[in-house]
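Engineer: task: produce atomic coordinates for the following.
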Amino acid sequence: MVGHKQVSSKLRTPILNSTLNSEINSVPRGFEYQANKGKVTGTRPIPVPNDAQLEQLTQLRIRATERAQRNEWIQATFAYVMNHVDIAIATGDNCYQALMGLKERLRNVHRRLLDELALEAYHDEQLELELWEQVC
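Structural biologist: Purely as a prediction, here's the structure:
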């Protein structure tokens, strides 16, 4: 009995091998490689930021990351304090009015901090747009 590998190796002749290789490596009709067969018209260099612009973009990215961290801290602190104020109000302490005033002031500070972060983010986005306009 002859094994599979023996049969396949006995059947593979140099002509069969070259035919198989040419079929495997051939490109279907209509898909011939077109590189370097003509010139590309209207070429221009790809604009890239210079070192100073890259540094500014890096600083903007760092500020955005820090801003996101500050936002997380503000939200967590706000939630923590509001939760404790709500607990104090629910317990029926005598300082209901003071706690309600504190809660309102906290909401105002919270809103102001978030507005400042949003304004800073807007300013940084405008700077980034200006940088990219200079590059392109």
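Engineer: make it CA atoms for all contacts and neighbour counts henceforth
Structural biologist: OK.
Engineer: burial measure for residue 92, as a count.
Structural biologist: Neighbours of residue 92 under the rule other C-alpha atoms under 10 Å: 9.
Engineer: does it count as helix, strand or coil?
Structural biologist: coil (DSSP: H, G, I helix; E, B strand; the rest coil).
Engineer: cool, and residue 49?
Structural biologist: Quick answer, by three-state DSSP: residue 49 is coil.
Engineer: that one and residue 55, how far apart?
Structural biologist: Counting by C-alpha to C-alpha, to the nearest Å, the gap from residue 49 to residue 55 is 9 Å.
Engineer: same drill for the two, tell me which one is more crowded.
Structural biologist: The neighbour count for residue 49 versus residue 55, taken as other C-alpha under 10 Å, is higher for residue 49 (15 against 12).
Engineer: contacts only, for the more buried one.
Structural biologist: 132, 135 (C-alpha atoms under 8 Å, 6 or more residues apart in numbering).
Engineer: what's the helix or strand for residue 123?
Structural biologist: Using DSSP states H and E, residue 123 sits within helix 96-135.
Engineer: for that helix, what is the average pLDDT?
Structural biologist: Mean pLDDT, computed over helix 96-135, is 90.
Engineer: please spell out which residues along it are buried.
Structural biologist: Across helix 96-135, burial judged by 16 or more other C-alpha atoms under 10 Å covers 99, 103, 113, 114, 117, 121, 124, 128, 131.
Engineer: the first one contacts residue 83, correct?
Structural biologist: No. Residue 99 is not in contact with residue 83 according to C-alpha atoms under 8 Å; the separation is 11.7 Å.
Engineer: residue 57 reaches residue 126, doesn't it?
Structural biologist: No. Taking contacts as C-alpha under 8 Å, residue 57 lies outside contact range of residue 126: 11.6 Å.
Engineer: circling back: which one of the buried residues of helix 96-135 is nearest to residue 88?
Structural biologist: residue 99 (7.8 Å; C-alpha to C-alpha).
Engineer: how far away is the nearest residue to that closest one once chain neighbours are set aside from residue 106?
Structural biologist: Closest residue to residue 99 apart from its sequence neighbours, by C-alpha to C-alpha, 6 or more residues apart in numbering: residue 85 at 6.4 Å. From residue 85 across to residue 106, the span is 10 Å (C-alpha to C-alpha).
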